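In: Just a sequence and a predicted model for now, questions to come.
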Amino acid sequence: MTLTPPSSTLLRIGCGSGFSGDRLDAPGPVVDALIEAGGAAALMLEVLGERTLALAQRERLHRPEAGFEPALLDLLRPILTRCVAHGIPIITNGGAANPRGAAAAVLGLARELGLPELRIGVVEGDDIRGTDALADLDPWEGDAGAVLEPERVIAANVYLGAAPVAEALRRGAQVVITGRCSDPALALGPMLAHFGWAEDDWDRLAAGTMAGHLLECGAQVTGGYFADPGVKDVPGDARGMAALGFPIAEIGADGGVLITKPAGTGGRVDRQTVTEQLLYELHDPAAYLTPDVVLDITGVAITEEAPDRVRLTGARGRPRPERLKATVSLPGGWLGEGEISYAGPNARARAELAGRTLLERLRLLGLEGQARLDLIGVVSVFDGDAGALREAGEGSPSDLRLRLAFASESRAAAERAAREVLSLYCCGPAGGGGVRTRVTDRIRTLSFLVPRERLAPRVSLLRLGEAA
């Protein structure tokens, strides 16, 4: 079955992944539930954050054929044959920095699985590096004052909307692979293809975007990330958390939204979990900006219809913004890291001496860069680079880990700083052990606003041995 507009039948959209690094077995129960329910359905695999995209761009610098979600084939292998057999298209932003590379890999998987007719829709046009679209851009509010230097740009990826996804589905794609697009667009695209909603039907687009926003983080709406023992419990404790069901949205032609999860899976779907996810990352509940619509959730009503079935109504939409957010990747220098553990009596004093020794060694060596020390087990998460909380800390834990991070424009300096942690084995205080070091090149990101008219999204339909 292929999604073809228009239709008034219910559409179910399941989410099998909420980020890069999510559980590889999560899509299976969702696909089972979609098949059992019957009717029109689609599956989204959301695996792309801004940090993830920057890492993918870095990977592609080293290996031009890489740069897409490394676990994409592991996610698809157990479910692809069943989805094709039951007409459930899969939509994913796993193309990251290299959608065509991802498509080539999936076509290889199709050959392996005996699916020679698999049709893959590839959405491109989000990477505007080297184009006139980069000229004279204003920074996004979070990067106010930033100046764009086009000659230093590694990549510039614009958040595309749902229309190219819908186009790919209308052309018969069974898998749609995008690079950077808005997360809710992975769900809104199938809705546009199925229902044939007009591009200015703002309230329906808003409802579809709201549904996509609830799905996009996977198990966050079914009890993951939500759990706080004794405050917000998830049924079954660790057993329930270990078997979290991922969400399914049931969408009506009128924009009605109901959130549920596969029967028999762990977790919970109720007013609390849905409310938390609805508010997650919304900078302005009255004006959540997406490429497709400006979403207003201030009038949304949330109703528990039955166990693990929550309905939402009242989303409102306004015309989409004229400028879209672009994540610009730039060289970020090098990061040298090293960790060493100290345990037993007086462990904190020995670890602090090791830290002071490292800082003094960096000074004596004249290494140019910025150093940060953490005492993991005492304080690290809430401390700043200057270590104010570490300096003011109290207590003497018997087991902790010292971490040095050294950021520099020089790879040699970063490598030398990391080596200094290793040297603590014999040149540092007593009892240090378990050293680990690594040096990585960094990509930093800034966000800018790109006028919509400068963009030219394009959709290709690929099969084994051919491209159209």
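Out: Structure's in. What do you need?

In: Pretty sure residue 319 sits against residue 199.
Out: No. Because the distance of 10.2 Å does not satisfy Cβ atoms under 8 Å, residue 319 is recorded as not touching residue 199. (Each C-beta comes from the backbone N, C-alpha and C, glycine too.)

In: Those two: which has the busier surroundings?
Out: Comparing residue 319 with residue 199 by neighbour count (other Cβ atoms under 10 Å), the higher total belongs to residue 199, at 14 against 10.

In: Next, the buried residues of the helix or strand where residue 156 lies.
Out: With secondary structure defined by DSSP states H and E, residue 156 is part of strand 155-158. Buried residues in strand 155-158, counting neighbours by 16 or more other Cβ atoms under 10 Å, are found at 155-158.

In: show me the contacts for residue 421.
Out: The contact partners of residue 421, taken as Cβ atoms under 8 Å, 6 or more residues apart in numbering, are 338-340, 358, 402, 404, 435, 437.

In: Assign a three-state SS to it, would you?
Out: Classification of residue 421 by DSSP: H, G, I helix; E, B strand; the rest coil places it in helix.

In: Mind listing residues that contact the host helix or strand of residue 53?
Out: Secondary structure from DSSP H and E places residue 53 in helix 50-62. Contacts of helix 50-62 from elsewhere in the structure, counted by Cβ under 8 Å, 6+ apart, are 19-20, 48, 66-69, 96-98, 154-155, 157, 179-180, 327, 329, 441-445.

In: Sort out which of the residues you listed are buried, if you could.
Out: With neighbours counted by 16+ other Cβ under 10 Å, those contain buried members at 19-20, 48, 66-69, 96-98, 154-155, 157, 179-180, 327, 329, 442-443, 445.

In: State which strand of the protein is the longest.
Out: Longest among the strand segments of the chain by residue count, using DSSP state E, is strand 323-343.

In: Which neighbours in the sheet does that strand have, and how are they oriented?
Out: In the sheet, strand 323-343 lines up against strand 155-158 (antiparallel), strand 399-408 (antiparallel), strand 433-451 (antiparallel) (DSSP bridges).

In: which residues does residue 324 bridge with?
Out: Beta-bridge partners for residue 324, by DSSP bridges, are residue 450.

In: Looks to me like residue 204 is in a helix.
Out: Yes. According to three-state DSSP, residue 204 belongs to a helix.

In: Quickly note the distance from it to residue 430.
Out: Summarising the geometry, the distance separating residue 204 from residue 430, computed by Cβ to Cβ, to the nearest Å, is 68 Å.

In: Helices along this protein, start to end?
Out: For the chain, the helices defined by DSSP state H occupy 27-37, 50-62, 72-76, 80-85, 99-113, 163-170, 185-195, 202-215, 237-242, 271-279, 347-365, 388-392, 411-422, 424-427.

In: Mind giving me the packing neighbours of the shortest one?
Out: Based on contacts counted as 3 or more Cβ pairs under 8 Å, 6 or more residues apart in numbering; DSSP states H and E, the elements that helix 424-427 packs against are helix 347-365, strand 433-451.

In: With just CA atoms, put the last one into CSV.
Out: What follows is strand 433-451 as a C-alpha-only set of coordinates in CSV (Å, rounded to 0.1, in the frame of the first residue of the first chain):
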residue,chain,number,x,y,z
GLY,A,433,45.1,4.1,37.7
GLY,A,434,42.7,3.4,34.8
VAL,A,435,44.0,6.2,32.5
ARG,A,436,42.1,6.8,29.3
THR,A,437,43.0,9.5,26.8
ARG,A,438,41.7,10.7,23.4
VAL,A,439,42.1,13.6,21.0
THR,A,440,39.4,14.7,18.7
ASP,A,441,38.9,17.4,16.1
ARG,A,442,35.9,19.6,16.9
ILE,A,443,33.2,21.2,14.9
ARG,A,444,31.4,24.2,16.4
THR,A,445,28.0,25.3,15.2
LEU,A,446,26.3,28.6,14.8
SER,A,447,22.7,29.2,13.7
PHE,A,448,21.6,31.7,11.0
LEU,A,449,18.3,32.5,9.3
VAL,A,450,17.9,31.8,5.6
PRO,A,451,15.1,33.4,3.5
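
In: how far is it from where the chain is centred?
Out: In this view, strand 433-451 has its centroid 16 Å away from the chain centroid, taken as Cα atoms, centre = their mean, to the nearest Å.

In: if I pick residue 235, what's in contact with it?
Out: With contacts defined as Cβ under 8 Å, 6+ apart, the neighbours of residue 235 are 266-268.

In: any chance of the contacts of residue 421 in TSV, with distance to residue 221 too?
Out: Supplementary listing: those in TSV, determined by distance: Cβ to Cβ, whole Å:
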residue	distance to residue 221
338	39
339	35
340	40
358	44
402	38
404	39
435	41
437	39
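
In: tell me the most buried of the helices of the chain?
Out: helix 185-195 (a mean of 30; mean count of other Cβ atoms under 10 Å).

In: Centre of the chain to that one, how far?
Out: Averaged over its C-alpha atoms, helix 185-195 has a centre that lies 19 Å from its chain's centre (Cα atoms, centre = their mean).

In: cool, stretch 210-222 as well?
Out: Relative to the centre of its chain, stretch 210-222 is centred 12 Å away, using Cα atoms, centre = their mean.

In: residues contacting the closest residue to residue 345 other than its chain neighbours?
Out: On the basis of Cβ to Cβ, 6 or more residues apart in numbering, the spatially nearest residue to residue 345 that is not a chain neighbour turns out to be residue 398, at 7.3 Å. When contacts are counted by Cβ under 8 Å, 6+ apart, residue 398 is found next to 343-345, 347.

In: got a winner among those residues for most neighbours?
Out: Neighbours were tallied for each of the contacts of residue 398 (criterion: other Cβ under 10 Å), and the maximum of 23 neighbours falls on residue 347.
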